[in-house]
Every structure is written in structure tokens, then in C-alpha cells.
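S.K.: Take a look and give me a structure for this.
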Amino acid sequence: HLRWKVWLLAARAELWDGSADACRRLLAQARIDAPSRMQVAVCLERARTEEFLGNLKGTRVAFGEAHACEGHDWKVFLEHIFMEARQGCLQ
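M.R.: From the prediction side, this is the model:
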């Protein structure tokens with residue numbers, strides 16, 4: 001039941017190695033293997049990854065998936081607000 005965490009850590013390693021496509025594939029596998037209550041963590045990791053890669057559209061899509069996974073968890077909203085602020089999209 002911890003297999004999803006291994007995929008998540010492997011995705012981080014691939015990201016730091018510069019392999020964005022491999023990172024995305026590993027995050028997709030992590031989401032498949034994650035228990036339902038932990039899927040939001042994988043979605044947030046994907047959002048952070050896309051932001052790191054400069055893909056604002058992909059970041060917003062990942063946050064949309066996180067909202068769909070967890071409903072109205074305040075942590076998802078807070079992370080989303082912080083990301084928008086870092087990108088200069090809030091006034």
C-alpha cells in the first residue's frame with residue numbers, strides 16, 4: 001500500500017534529473033496506485049511539478065484534479081492561492 005510513495009519519490013528524482021516526461025508518467029502511476037484519501041497528495045505534487053516546469057496551464061489542470069479528488073479541502077485551496085500569487089496572477 002506504500003507503492004504510490006515509491007512512484008512519487010521516483011518522479012521527484014526524474015524531475016531533478018531533467019526528465020519531465022518520465023516524471024509525469026511516474027506521477028500518473030502514483031495516482032493510480034494511491035489510496036483514494038491520498039490521491040489529492042499526488043495531484044498536489046503534480047501541480048508543484050508543472051509549476052516548477054513553468055507550465056501554468058498544466059498546474060491549473062492539476063489543481064482542478066486535486067479539487068475534484070478531495071472536494072473542498074482547505075489545503076488544496078491554499079496551495080492554489082499560493083501558486084497564483086507566486087505567478088503574479090492575484091491582484
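S.K.: ranges for the helices of this structure?
M.R.: 3-17, 20-33, 39-52, 56-70, 74-86 (DSSP state H).
S.K.: Would you mind finding the most buried of those?
M.R.: helix 39-52 (a mean of 21; mean count of other Cβ atoms under 10 Å). Any C-beta I mention is one placed from the backbone N, CA and C, and that applies to glycine too.
S.K.: Contacts made by that one with the rest, please.
M.R.: 4, 8, 11-12, 15, 20, 23-24, 27, 30-31, 34, 56, 58-59, 61-63, 65-66, 69-70, 73, 75-76, 79-80, 83, 86-87 (Cβ atoms under 8 Å, 6 or more residues apart in numbering).
S.K.: That one vs helix 74-86, what angle?
M.R.: Calculated by axes from the mean of the first three to the mean of the last three Cα atoms, to 10 degrees, helix 39-52 forms an angle of 10 degrees with helix 74-86.
S.K.: what's the average pLDDT for helix 39-52?
M.R.: Averaging pLDDT along helix 39-52 gives 94.
S.K.: send the alpha carbons of that helix over as PDB?
M.R.: Extracted in PDB, the C-alpha atoms of helix 39-52 (Å, rounded to 0.1, in the frame of the first residue of the first chain):
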ATOM      1  CA  GLN A  39      -4.800  10.900  -4.300                       C
ATOM      2  CA  VAL A  40      -5.000  14.600  -3.500                       C
ATOM      3  CA  ALA A  41      -1.300  14.500  -2.400                       C
ATOM      4  CA  VAL A  42      -0.300  13.100  -5.800                       C
ATOM      5  CA  CYS A  43      -2.400  15.800  -7.500                       C
ATOM      6  CA  LEU A  44      -0.700  18.500  -5.500                       C
ATOM      7  CA  GLU A  45       2.700  17.000  -6.300                       C
ATOM      8  CA  ARG A  46       1.800  17.100 -10.000                       C
ATOM      9  CA  ALA A  47       0.700  20.800  -9.600                       C
ATOM     10  CA  ARG A  48       4.000  21.600  -8.000                       C
ATOM     11  CA  THR A  49       5.900  19.800 -10.700                       C
ATOM     12  CA  GLU A  50       4.100  21.600 -13.500                       C
ATOM     13  CA  GLU A  51       4.700  24.900 -11.800                       C
ATOM     14  CA  PHE A  52       8.400  24.000 -11.500                       C
END
